[in-house]
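Student: Sequence and predicted structure below; questions after.
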Amino acid sequence: MDKIELNSLTLEELEKFMVGIGEKGYRGEQLFTFFHRNYGHKIEDISVFSIGLRDKLKKFGRVNNIEVLKRFDSNIDNTKKYLFLLEDNNIIEGVVMEYKHGLTVCISTQVGCKMGCSFCASTKEGFIRNLSPSEMVNQIYSMEKDLNKKISNIVLMGSGEPLDNYENTLKFLYIIHHEKGHNISYRNITLSTCGVVPRIYDLADEGIPITLSISLHSPLDDIRSNMMPIGNRYSINDIINSCKYYYNQTNRRITIEYTLIEGVNDRDRDLEEIVKILKDLNCHINLIPLNPIEEFDEERPTGRSAQRFRTDLERAGIPVTIRREMGSDISASCGQLRRSYIRDRDRKTFQ
């Protein structure tokens, strides 16, 4: 019989688990606090439990842990990039970014990604598996412990598609938000998706007021489908309708992520179409100049081109910013560092 991954359970699930093994339900709350407020990850360290109860936990359950494999510090802006080693020896990555309002972390939700977006490094090594809720929260706890600082904002925008790992992502949100644990406000959490439309509706119906961020990258279905295979399943109209539903259910403004690619999606025609499709959506556009990778033979726009695009959107009445590039000297964009580390490791192994 497989043991239950205890630190992936919600408070309610832990209470039921404790009752199921013949203990009082309140022991579940003690265990939840041990994991998610006190950074605990070893059953033998739960001092409020008797040795007998700890032995019983070891019999029926297990605790998933991750290790900091390596940390890379930017010399430019205090961004810190982490590579984490999972128990099955897979590697994921996370980022800590420092802003005036506090620390923001970007975490992974999958090992690899199956979405196949042409300009994204996360997907180039393929999809391996989903992360469990504990593997998601432990990225945050590991970074907080390492830096001895509390995180104020969370972005699910690292490797993987969060809505392709929907149930585990949802449990992660409940766990990290719970007042008996880390007590992060939902309003300080952003989930980025390439547009898994049915799950956007599902998430909206959960009534969780997190920020939904849509990776759009083109207002034209044919161009978007060439860059993002998911565009062959869900049209831009499908995505915009789901965003409107999400806004109506949560009253949270939508963020539109738009990677600017020279001569591909930064033309006058693109501007006109963006204004047309977003005019009735309460949203904010985040412009991202392309971070080139080897397999995507397109160019990053000039600074002047990006500013022009921003200015024209503002004139059309659409709120827009150009994302500040963080940690450029440590490959801080999604998937880049993990990929280069694995390549170097494998190259050394076979030399």
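Tutor: Thanks, I have the structure now. Every value quoted in this text rests on a predicted model; they were computed, and no experiment measured them.
Student: what about the strands in the stretch 1-150 of the chain?
Tutor: 4-5, 61-62, 67-73, 80-85, 91-99, 102-107, 110-112, 127-130 (DSSP state E, counting those that start in this stretch).
Student: What's the local residue count around residue 183?
Tutor: Using other C-beta atoms under 10 Å, residue 183 has 11 neighbouring residues. Any C-beta I mention is one placed from the backbone N, CA and C, and that applies to glycine too.
Student: With mean neighbour count, distance to residue 260 and mean pLDDT as new columns, can the strands of the stretch 1-150 of the chain be given to me in CSV?
Tutor: Below are the strands of the stretch 1-150 of the chain laid out as CSV (neighbours: other C-beta atoms under 10 Å; distance: least, C-beta to C-beta, whole Å; pLDDT from 0 to 100):
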stretch, mean neighbour count, distance to residue 260, mean pLDDT
strand 4-5, 16, 41, 97
strand 61-62, 18, 46, 96
strand 67-73, 14, 26, 96
strand 80-85, 20, 23, 96
strand 91-99, 22, 20, 94
strand 102-107, 21, 20, 96
strand 110-112, 23, 26, 95
strand 127-130, 17, 27, 96
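Student: Which one of these lies nearest to residue 282?
Tutor: With C-beta to C-beta as the measure, strand 102-107 is the member of the strands of the stretch 1-150 of the chain nearest residue 282 (22.5 Å).
Student: C-alpha coordinates for that closest one, CSV please?
Tutor: Written as CSV, here are the backbone C-alpha positions of strand 102-107 (Å, rounded to 0.1, in the frame of the first residue of the first chain):
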residue,chain,number,x,y,z
GLY,A,102,8.5,43.0,-1.1
LEU,A,103,9.7,39.7,-2.4
THR,A,104,7.9,37.9,-5.2
VAL,A,105,8.5,34.2,-6.0
CYS,A,106,7.9,32.5,-9.3
ILE,A,107,7.4,28.7,-8.8
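Student: Give the other helices and strands that that strand contacts.
Tutor: strand 91-99, helix 133-147, strand 153-156 (3 or more C-beta pairs under 8 Å, 6 or more residues apart in numbering; DSSP states H and E).
Student: Please compute how far the longest one lies from its chain's middle.
Tutor: Offset of helix 133-147 from its chain centre (C-alpha atoms, centre = their mean, to the nearest Å): 13 Å.
Student: before we move on, what about stretch 75-87?
Tutor: Distance, centroid of stretch 75-87 to centroid of chain: 15 Å (C-alpha atoms, centre = their mean).
Student: do the same with stretch 212-219
Tutor: Using C-alpha atoms, centre = their mean, the offset of stretch 212-219 from its chain centre is 15 Å.
Student: Just the residues contacting it, thanks.
Tutor: Contact with stretch 212-219 is made by 117, 119, 155, 157, 190-195, 200, 203, 224, 227-228, 236, 239, 243, 246, 250, 252, 254-259, 261, 264-265, 270, 273-274, 276-277, 286, as judged by C-beta atoms under 8 Å, 6 or more residues apart in numbering.
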